[in-house]
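Engineer: Structure for the following, please:
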Amino acid sequence: MIRIDFSKLNPLEKEIHESLKAAALHRSSITIGDAAELCGCSISKISKFVKKLGFANYKQYMQFLYEKELSPRDTTGELERLHRFLEDFDPALVTAFIEEMEKYPKILFFGHGPSYLAAEYFEYKLRFSTGKYVNALSEEFMAENLLDSDTLLVILTTTGAFRPFKDLYQSAKAQGAKVLILAEEYNQSLLETSDQLIWLSKHAQPRELKPHEKSRTVFYIFIEEVAAALGREKE
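Structural biologist: Numbering: from 1, shown residues only. Predicted coordinates for the structure are as follows:
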């Protein structure tokens, strides 16, 4: 589970990222020592930067820069995959999600196909645990009519490959809304259409399944943990 949040970076750290991103275009590999030299800073600073951005270590950040697959493809069944997901579950991401959500009086959940059903369930659970305006939507034009600077738009997507979110993201930014994507499988292109990306599982579903054929169980587990944490806060 990874939470990638560029908004947490200061100007120097953003400059480090842009420098390494540019270097990766014409260099086949960049060691952490090379990175420190390119950016004119210490190895320690590079290490702290990648962890602040949301990666476990420098190696994982490099996989991201070179657009390499970050998650292994499971050959086991769905129950075994979910068992591995639960073993890796990070409660800190639940806390981070709630902290982000509490900043906004209006929460919109958005999803296509089966992901919309998960968004509806999220709406149902949060109506009982928050006093916020909460709504689940599956049509972009409906979401665009509700977006404003008081809105956190949460997009649920398993793969991010079914349909792009570029137009919705641009509408959200034009109206001052914050966009957070909850994705099950890592997809680097989602970073271009979100302010924050929470990648829920490193255990991907079988490649041969189409996006609408993949399970949404990971979303429901995360939703239940968020609702339970909110319930404990009320008590």
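
Engineer: Identify all contacting residues around the lowest-mean-pLDDT helix or strand in the chain.
Structural biologist: The weakest-scoring helix or strand in the chain, judged by mean pLDDT, DSSP states H and E, is strand 2-5 (a mean of 80). Applying CB atoms under 8 Å, 6 or more residues apart in numbering, the contact partners of strand 2-5 are 53-56, 60, 70, 93, 96, 186, 191, 195-199. Every residue, glycine included, has its C-beta placed from N, CA and C.

Engineer: now stretch 118-125
Structural biologist: Outside stretch 118-125, the residues within contact range by CB under 8 Å, 6+ apart are 109-111, 134-138, 154, 156, 216, 219-220, 223-224, 226-227.

Engineer: For the lengthiest helix in the chain, name the packing helices and strands.
Structural biologist: The longest helix of the chain (DSSP state H) is helix 217-234. Under the contact criterion of 3 or more CB pairs under 8 Å, 6 or more residues apart in numbering; DSSP states H and E, helix 217-234 touches helix 78-88, helix 91-101, helix 114-129.

Engineer: With mean neighbour count, distance to Lys173 and mean pLDDT added, can I get the ones you listed in TSV?
Structural biologist: TSV is the format used below for these (neighbours: other CB atoms under 10 Å; distance: least, CB to CB, whole Å; pLDDT from 0 to 100):
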stretch	mean neighbour count	distance to Lys173	mean pLDDT
helix 78-88	13	32	88
helix 91-101	16	16	92
helix 114-129	18	20	92
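
Engineer: Kindly present those helices as a markdown table, with separate columns for distance to Glu144.
Structural biologist: Formatted as a markdown table, the helices and strands packed on helix 217-234 follow (distance: least, CB to CB, whole Å):
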| stretch | distance to Glu144 |
| --- | --- |
| helix 78-88 | 33 |
| helix 91-101 | 21 |
| helix 114-129 | 16 |
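
Engineer: Of those helices, which is nearest Pro11?
Structural biologist: helix 91-101 (21.9 Å; CB to CB).

Engineer: which helices and strands does the very next helix or strand once past the closest one pack with?
Structural biologist: Tracing the chain past helix 91-101, the next element assigned as helix or strand by DSSP states H and E is strand 106-110. Strand 106-110 is packed against helix 114-129, strand 133-137, helix 140-146, strand 151-157, with contacts defined by 3+ CB pairs under 8 Å, 6+ apart.

Engineer: Would you mind writing the CA trace of the longest helix of the chain as CSV?
Structural biologist: Extracted in CSV, the C-alpha atoms of helix 217-234 (Å, rounded to 0.1, in the frame of the first residue of the first chain):
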residue,chain,number,x,y,z
THR,A,217,-13.2,-6.6,-2.5
VAL,A,218,-10.1,-4.6,-1.6
PHE,A,219,-12.2,-1.4,-1.8
TYR,A,220,-14.9,-2.8,0.5
ILE,A,221,-12.2,-3.8,3.1
PHE,A,222,-10.8,-0.3,3.0
ILE,A,223,-14.2,1.2,3.3
GLU,A,224,-15.1,-0.9,6.3
GLU,A,225,-11.8,0.1,8.0
VAL,A,226,-12.5,3.8,7.3
ALA,A,227,-16.0,3.5,8.7
ALA,A,228,-14.8,1.6,11.8
ALA,A,229,-12.1,4.2,12.5
LEU,A,230,-14.7,7.0,12.2
GLY,A,231,-17.0,5.1,14.6
ARG,A,232,-14.2,4.8,17.2
GLU,A,233,-13.6,8.6,16.9
LYS,A,234,-17.2,9.3,17.7
